[in-house]
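Participant: Next input, structure requested:
(2 chains)
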Amino acid sequence: MREVAVPMKVLIPTPLRSYTNEREVEASGATLADVLVDLDRRYPGIRFRMIDEQDNMRPHIRFFVNSEQVYELSHALGPNDDVQIVQALSGG
Amino acid sequence: MPRTAMTPARRAKGAPKSKTRPSARTRSAAAPRRVVVLVATRKGAWLFHGDAARKSWRLDGPYFLGHIFNHVVLDPRDGRTLLAAAKTGHLGPTVYRSTDLGRTWKEATRPPAFAKVPEGEKGRTVDHTFWLTPAHASEPNVWYAGTSPQGLFRSEDGGVTWSPFSYINEDPQYRTWMGSVQDGTPDGPKMHSILVDPRDPKHLYFAMSSGGVHESVDGGRTFKVLVKGMEVVEGFDPSTITFHDPHNVKLCPSNPDRLYQQNHCGIYRIDRPSDEWVRIGRNMPKRVGDVGFPIVVHPRDADTAWVFPMDGTTVWPRTSPDGAPAAYVTRNGGRTFQRLDGGMPERHAWWTVKRQAMTSDTRDPVGLYFGTTSGELWASRDEGRKWACIARHLPEIYAVEVAELS
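Facilitator: Residues are numbered from 1 along each chain as shown, chains lettered A, B, ... in the order given. Have a look, this model is predicted:
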């Protein structure tokens, strides 16, 4: 039987809502990297604002899975996980 | 929408000291076109639409409030496409594109980005796109972009997708000349002043802060260094290309063999095919010096150029010298300069003008425009003899360009 990817909830910070127009959206993937690729498919351009061309998280962008911060894009995700994207706003 | 009158911001000083006037040979028979001033700031972009006399201005904006805009440029080939180089303090860089003069915008689907390096190697990342140049008139939809850190990019679809251009982004020699972040300006080393010879789309120049001036005559297949005659900070070796810090380079539309340059170390002119820059800034008043960021050339008279000096003494305050801002003009290729401060504050004005924040239109007499680090937009309708502040209280202004519309 073919496995069907179940979308998970992804919380979008205000600086990125011009892409989604919503606070909470859905995306699918087995890893955080996959979820971000799926997000970019649904909302073109959003990934590059968070992840640079060397596939590193940009400064001030933080990812939380079920309220725990994760530091690797390869972090594995399950179908019931919630992803939160946070902007660590600072400066003037 | 608010409309701003072109009235002096502070007490005018009366007639300027300069006797310079537009000469008869500069007059153009072309019908005047509507001027729109494109203002890029640390917190968004604004457009100022001038009336036929360039006397009153209708303000549009802010666009993308809170975004850092380093450059907003109109495509002169179609007269309607705007490209805007943007980022925010916390999001990655991008390019926005409007084909209806700012009413609607779309984001580039592939903004300028360096090539991804193999796993385990350290690659560069574009912090922001700093400079945008429409390519030659014969190459519609082609644009060049310069980034921080220094990178050269090209779009062939009107700014929708961008790719690394030429070999220099990854070339070991160029990477050495680009230096590190520590060698660059306080907010990052810049690729700027991408110039296209109006006679030949393959004849290109670019400049790097730091990293010198470079020229290609084969459409970017090869570049050569063009720094002879340029000085570097005292005590350093001018043969080290990294030490060269051109701030702004302009090519004269009326004589593309002549270029002017405002450098960290003076004002220069070069007349090709000579490969040696001449420091014409030696002819500036000694108490003012020849340090600054912008340089503007006359659209029809290659002997005329304007600069906006700043204080480059001691710790480099980068303010108007003695708090008394002024533009200076040469009308003889740099043999002499005249101060142009009519209408500007006499004292206690501690702002300056960044390298992209001064420009001209092509009307007769030429209109000049500059934006300040304190968020004021100034204009002159008579080639700098008198100035008026057309907007105050904007965010710090990074770039000012002119769009002329039929």
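
Participant: What is the least confident helix or strand in chain B?
Facilitator: Taking mean pLDDT, DSSP states H and E as the measure, chain B has strand B:3-5 as its least confident helix or strand, at a mean of 37.

Participant: Next secondary structure after that one?
Facilitator: Per DSSP states H and E, the first helix or strand lying C-terminal to strand B:3-5 is strand B:34-41.

Participant: Which elements pack onto the helix or strand that comes right after that following strand?
Facilitator: Using DSSP H and E, the next helix or strand after strand B:34-41 towards the C-terminus is strand B:44-50. When contacts are defined as 3 or more C-beta pairs under 8 Å, 6 or more residues apart in numbering or on different chains; DSSP states H and E, strand B:44-50 packs onto strand B:34-41, strand B:56-63, strand B:68-74, strand B:388-391. Any C-beta I mention is one placed from the backbone N, CA and C, and that applies to glycine too.

Participant: Mind doing that once more with 6 Å?
Facilitator: With contacts taken as 3 or more C-beta pairs under 6 Å, 6 or more residues apart in numbering or on different chains; DSSP states H and E, strand B:44-50 sits against strand B:34-41, strand B:56-63.

Participant: got a pLDDT number for the residue nearest to the spatial centre of chain A?
Facilitator: Most central in chain A under C-alpha atoms, centre = their mean is A:Leu36, positioned 4.8 Å from the mean C-alpha point. Predicted confidence (pLDDT) for A:Leu36: 98.

Participant: For my notes, confirm it occurs in a helix.
Facilitator: Yes. Assessed by DSSP: H, G, I helix; E, B strand; the rest coil, A:Leu36 belongs to a helix.

Participant: Could you give the number of residues near the spatially closest residue to it that is not a sequence neighbour?
Facilitator: With C-beta to C-beta, 6 or more residues apart in numbering or on different chains as the criterion, A:Leu36 has its nearest non-adjacent residue at 5.0 Å, and that residue is A:Arg47. Around A:Arg47 there are 18 other residues, counting by other C-beta atoms under 10 Å in any protein chain shown.

Participant: One more: the one 4 residues further on?
Facilitator: Neighbour count for A:Ile51, taken as other C-beta under 10 Å: 21.

Participant: Give me every residue in chain A lying close to chain B.
Facilitator: Residues of chain A lying close to chain B (C-beta under 6 Å from any C-beta of the partner chain) are A:Pro15, A:Gly45, A:Phe48, A:Arg49, A:Asp52, A:Glu53, A:Gln54, A:Arg58, A:His60, A:Gln87, A:Gly91.

Participant: Go again with 10 Å.
Facilitator: Residues of chain A found near chain B (C-beta under 10 Å from any C-beta of the partner chain) are A:13, A:15-16, A:18-19, A:44-56, A:58-61, A:87-92.

Participant: Just the ones of the residues you listed in helices?
Facilitator: Using DSSP state H, A:Ser18, A:Tyr19 are the members of the residues of chain A next to chain B that sit in helices.

Participant: Separate out the buried members of the residues of chain A next to chain B.
Facilitator: A:13, A:15-16, A:19, A:45-53, A:58, A:60-61, A:87 (16 or more other C-beta atoms under 10 Å in any protein chain shown).

Participant: Let me see the mean pLDDT of stretch B:350-370.
Facilitator: Per-residue scores along stretch B:350-370 average to 97.

Participant: for chain B, what are the low-confidence residue spans?
Facilitator: B:1-31, B:181-184 (pLDDT under 70).

Participant: Go again with 90.
Facilitator: For chain B, applying pLDDT under 90 flags the ranges B:1-33, B:88-90, B:119-120, B:122, B:179-188, B:312-318, B:406.

Participant: Ok, chain A next?
Facilitator: Judged by pLDDT under 90, the stretches of chain A that qualify are A:1-7, A:60, A:79-80, A:87-92.

Participant: Let me know how buried B:Phe236 is, in neighbour terms.
Facilitator: 13.

Participant: Report the separation between it and chain A.
Facilitator: Separation of B:Phe236 from chain A (C-beta to the nearest C-beta, to the nearest Å): 32 Å.

Participant: What sits closest to that residue if chain neighbours are left out?
Facilitator: Nearest residue to B:Phe236, sequence neighbours excluded (C-beta to C-beta, 6+ apart): B:Phe243, at 4.7 Å.

Participant: who's in contact with that neighbour?
Facilitator: B:177, B:179, B:183, B:210-212, B:227, B:230-233, B:236-237, B:264-265 (C-beta atoms under 10 Å, 6 or more residues apart in numbering or on different chains).

Participant: Ok, B:Ala399 next?
Facilitator: B:Ala399 touches B:38-41, B:45, B:69-73, B:84-85, B:130-132, B:294, B:354-359, B:371, counting by C-beta under 10 Å, 6+ apart.

Participant: try 7 Å
Facilitator: Going by C-beta atoms under 7 Å, 6 or more residues apart in numbering or on different chains, B:Ala399 touches B:Ala40, B:Asn70, B:His71, B:Val72, B:Gln356, B:Ala357.

Participant: Figure out the helix or strand that it lives in.
Facilitator: strand B:397-405.

Participant: And the helices in chain B?
Facilitator: Per DSSP H, chain B carries helices over the ranges B:172-178.

Participant: ok, now how distant is the most centrally placed residue in it from B:His136?
Facilitator: Centroid check for chain B by C-alpha atoms, centre = their mean gives B:Gln356 as the closest residue, at 2.9 Å. Taking C-beta to C-beta, to the nearest Å as the measure, B:Gln356 falls 21 Å from B:His136.

Participant: try A:Phe48
Facilitator: 29 Å.

Participant: what does B:Lys386 give?
Facilitator: 36 Å.

Participant: list the contacts for B:Ser98?
Facilitator: Applying C-beta under 7 Å, 6+ apart to B:Ser98 gives the contacts B:Leu82, B:Thr104, B:Trp105.

Participant: Paired strands for the helix or strand encompassing A:Glu26, with orientation please.
Facilitator: In the assignment (DSSP H and E), A:Glu26 maps to strand A:24-27. Strand pairing for strand A:24-27, determined by DSSP bridges: strand A:8-11 (antiparallel).

Participant: Without its sequence neighbours, what residue ends up closest to A:Ile46?
Facilitator: A:Ile46 sits nearest to A:Tyr19 (C-beta to C-beta, 6+ apart), 4.3 Å away.

Participant: if I pick the residue nearest to the centre of chain B, what's in contact with it?
Facilitator: Listed by C-beta under 7 Å, 6+ apart, the contact partners of B:Gln356 are B:His71, B:Tyr398, B:Ala399.

Participant: Filter the contacts of B:Phe243 down to the buried ones and hand me the PyMOL line.
Facilitator: In PyMOL, a selection of the buried entries from the contacts of B:Phe243 looks like this (16+ other C-beta under 10 Å):
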select buried, chain B and resi 177+179+183+210+211+212+227+230+231+232+264+265
